Each structure stands twice: as structure tokens, then as C-alpha cells.
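Undergrad: Show me how the following folds:
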Amino acid sequence: GICCCPTTLPGAHGRRILPTAVEREMRSAMQAIPRDKREICPAARFPEDLRRALGIGELGLRGVSPRILHFSGHALHGGLLVEDGSGEAAFLTPCQLVGALRECFRACHSIECIVLNCCHTADLAEEIHREWPRLLVLSWASLVADHAALAFARGFYSHLGARPPEFAHLVDAYHAAEQA
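TA: Okay, the predicted model is just below:
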């Protein structure tokens, strides 16, 4: 998953933004899915950590084969706030995200779902789904409080973790998360 939460806005000369509960969200996923059924690689810096986790290019250490790419943090103006290679806040446009995902899909064919657990990401989800119609893309159409994002992640991954992988259907996990 990609879990990043910059604390300042890019180019805002130190203007701070509220942190999210990204670490708690990642811990929830790790607790919900049994150790032998998960490959969770926190990736804070984009795109370097994602490339490293998927084994892309010279940065690749060990390629994992995730079913899910999980983005958590803040969204802004249709894109995502991420940390760049130097740890600074950066705005990732929808076009840049789609380009990075294209690189991911060339290297990894196991991705079935993208979770955008950030406020106002429905348009971004639609753009991703247009490019890859077979993907399940989960997002929020509105503001989302940290506790709601955390409950959603906990419900989603608890549902997946309670079943053998061949029976852990992503749409069913989504519906379970809606009830959380």
C-alpha cells in the first residue's frame, strides 16, 4: 500500500495540514490479514517506494504481487498529496497517478483493486476505472473523517483476512466495509 500523509502543503511555505490516521489504518490491515496471507509494504515516498515494492527498475528489491494498492492520506484538486523522493509534500495529478499505475501494471499483473481512502477521490477513481475497467476502484465522493476511513479499512481487510484468498471476494469485502 501507499500510505503517506505530508504535513505541509506543496509550495505553501510551511502551511500545515492536519495529519490523518494513516499508521492506524495500516496497522488495522496488518492485524486483519493473517501474516501468511499478506504482503504489506508501506510506501511513503512516491513513486520510489512503490517501484521498490513491485521490483521495478534498479530500485526493485523484491517484487511483491499485491491484489490491492491502497492509497491513504489527503487528496486535493482531483489529485493526491504524496511525499516525493526528498520527503517533501508534492501534488500528484490524476495524469501522473495514471502514468505511475500504468508502470505498475506492466510489472505486476496481480492487482485487482485500488483503494483511494482519501477525501473527494471519486473523480480520480472514475479516471482510473476508465483506463482499467476490470479493476475495482474504491473511493470517497465527499469529505471523510479519519475514524470513518479507519473503520472502512478495518472492515474491508477484516473481511478479506477472515477467508482463504481464493474465497476472499473484493466486492463482498467492500460491502462489509460499508457496514463498518
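
Undergrad: any low-confidence regions in this structure?
TA: 1-27, 29, 37-44, 57-64, 87, 166-167 (pLDDT under 70).

Undergrad: What segments of it are helices?
TA: 22-32, 48-54, 94-107, 122-131, 146-161, 170-179 (DSSP state H).

Undergrad: which helices and strands sit right next to the longest one?
TA: Okay, so that is helix 146-161. In this structure, helix 146-161 makes packing contacts with helix 22-32, strand 68-72, strand 113-117, helix 170-179, judged by 3 or more C-beta pairs under 8 Å, 6 or more residues apart in numbering; DSSP states H and E. Bear in mind the C-beta positions are built from the backbone N, C-alpha and C, glycine included.

Undergrad: Could you figure out how far that helix is turned away from strand 113-117?
TA: Here helix 146-161 runs at an angle of 160 degrees relative to strand 113-117 (axes from the mean of the first three to the mean of the last three C-alpha atoms, to 10 degrees).

Undergrad: re the thing from before, turn the helices of the chain into CSV, columns for distance to Leu138.
TA: Below are the helices of the chain laid out as CSV (distance: least, C-beta to C-beta, whole Å):
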stretch, distance to Leu138
helix 22-32, 13
helix 48-54, 18
helix 94-107, 15
helix 122-131, 7
helix 146-161, 8
helix 170-179, 6
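
Undergrad: Right, I'll leave it there.
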